[in-house]
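> The following comprises the amino acid sequence and a computationally predicted model.
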Amino acid sequence: MTNKSYAGYCTSPDFKERLAQCRGIIVVCGSCEQHGHHLPLDTDNIIGMELALRIAEQTDMLVMPPVNYGQVWSAKGFPGTVCLSAQTLKQILREIITALEQQGARNIVLMSGHNGNYPFLKELARELLDDYGWQNIWHFPVISMAFSKELTSKAKAPVPTVAVHAGEMETAMLLYLRPELVDLSRASAEFPEPPADYPYRPMHWDQFVTSGSFGKGAAATAEFGREICEHAVQTCAELIRKLVKYGPEASD
């Protein structure tokens with residue numbers, strides 16, 4: 001992290017100065033969630049923050065300290081997972097956004113290292129527009145950008161359709177970003193077929209997957225992880241530069 005891109009390293013006067021100068025603020029939310037037997041509970045938080053910081057450096061944004069818990073209903077049956085309700089997650093983010101709006105944030109970009117949070121980020125942005133008329137709240141699906149169809153096709157092992165979770169692609173990202181936290185010797189190879197009624201009623205993952213991971217994590221490489229991360233950063237940064245206004249007029 002650099003002092004320029006991470007608000008948590010700023011003093012109060014430094015933050016005020018950077019807020020007035022930068023394109024806007026990135027607010028990251030992740031999860032405290034099981035990622036099989038070979039990846040840490042912090043996986044989504046690490047990925048979310050690392051991608052956000054790289055995007056911020058390319059777009060002159062400032063990244064706030066993250067919200068490291070999220071909505072992880074599907075995985076709540078596994079040890080270590082802590083699931084916030086959608087209402088709680090949105091309320092936490094609403095209060096953070098309100099504080100930043102009151103301090104004059106030009107733009108506020110919501111990102112998540114956990115794909116399960118994204119629908120609620122979009123929903124919250126809509127609610128804030130309806131409630132306050134705030135048109136400077138953005139949401140970018142950075143994880144969906146990371147797991148693009150083109151990159152998915154390069155995976156060595158089959159990518160399960162149920163979830164891209166703790167398998168080859170997510171493991172590759174951690175091998176690139178924080179290899180010391182990955183233990184490939186403990187990675188499973190699970191390609192579960194969920195029950196036929198899975199798409200049509202609530203069902204926790206522990207009803208049909210043993211380790212909590214989907215796919216073959218041991219097939220991952222740091223080089224593949226680098227490619228995935230760089231693609232996500234480049235794609236999201238290009239969208240921000242193209243769409244998010246930069247200048248005093250952005251807060252009008």
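Looks like it arrived, so ask away.
> what's the weakest-modelled helix or strand in the chain?
Every helix and strand in the chain was compared by mean pLDDT, DSSP states H and E; the lowest is helix 149-152, with a mean of 88.
> what distance separates that one from the centre of its chain?
How far helix 149-152 lies from its chain's middle: 18 Å, per CA atoms, centre = their mean, to the nearest Å.
> now stretch 186-206
Here the centre of stretch 186-206 is set off from its chain's centre by 22 Å, with CA atoms, centre = their mean.
> Go through it and flag the buried ones.
187-190, 192, 194, 205-206 (16 or more other CB atoms under 10 Å). C-betas here are computed from N, CA, C, even on glycine.
> Likewise for stretch 91-109?
Result for stretch 91-109 [16+ other CB under 10 Å]: buried residues 93, 96-97, 100-101, 105-109.
> Show the average pLDDT along that stretch.
Averaged over stretch 91-109, pLDDT sits at 98.
> Run through who's touching that stretch.
16, 19-20, 22-27, 29, 61, 64, 67, 84, 110, 121, 124, 127-128, 132, 134, 136-140, 240, 244-246, 250-251 (CB atoms under 8 Å, 6 or more residues apart in numbering).
> hmm, back to that, pick the one among the buried residues of stretch 186-206 closest to Ala146.
Within the buried residues of stretch 186-206, the smallest distance to Ala146 is 19.4 Å, found for Ala187 (CB to CB).
> hang on, the closest one packs against His35?
No. Ala187 is not in contact with His35 according to CB atoms under 8 Å; the separation is 10.3 Å.
> Next, show the common contact partners of those two.
Here Ala187 and His35 have Ser213 as joint contacts, going by CB under 8 Å, 6+ apart.
> Need the outlier residue of the chain, farthest from its centre.
Using CA atoms, centre = their mean, the residue of the chain lying farthest from its centre is Ala196. It sits 29.3 Å away.
> what's that one in contact with, if anything?
Applying CB under 8 Å, 6+ apart to Ala196 gives no contacts.
> Report the secondary structure state of it.
coil (DSSP: H, G, I helix; E, B strand; the rest coil).
> measure it to Met203 for me?
Ala196 sits at a distance of 11 Å from Met203 (criterion: CB to CB, to the nearest Å).
> Also Thr88?
Using CB to CB, one gets 22 Å for the distance from Thr88 to Met203.
> Kindly reformat the buried residues of stretch 186-206 as JSON lines containing pLDDT, distance to Asn45 and secondary structure.
Output for those, formatted as JSON lines (pLDDT from 0 to 100; distance: CB to CB, whole Å; DSSP: H, G, I helix; E, B strand; the rest coil):
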{"residue": "Ala187", "pLDDT": "97", "distance to Asn45": "20", "secondary structure": "coil"}
{"residue": "Ser188", "pLDDT": "95", "distance to Asn45": "22", "secondary structure": "coil"}
{"residue": "Ala189", "pLDDT": "96", "distance to Asn45": "25", "secondary structure": "strand"}
{"residue": "Glu190", "pLDDT": "96", "distance to Asn45": "23", "secondary structure": "strand"}
{"residue": "Pro192", "pLDDT": "92", "distance to Asn45": "25", "secondary structure": "coil"}
{"residue": "Pro194", "pLDDT": "93", "distance to Asn45": "27", "secondary structure": "coil"}
{"residue": "Trp205", "pLDDT": "97", "distance to Asn45": "20", "secondary structure": "helix"}
{"residue": "Asp206", "pLDDT": "96", "distance to Asn45": "22", "secondary structure": "helix"}
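> Just the closest of the residues you listed to Ala172, please.
Ala187 (11.5 Å).
> residues in contact with that closest one?
Contacts of Ala187 (CB under 8 Å, 6+ apart): 36-38, 171, 213, 216-218.
> Going by neighbour count, which residues of the helix or strand Ala125 falls within are buried?
Taking DSSP states H and E as the criterion, Ala125 maps to helix 118-132. By neighbour count on 16+ other CB under 10 Å, the buried set for helix 118-132 is 118, 120-121, 124-125, 128.
> Just want the most central residue of this structure.
Gly113 (1.6 Å).
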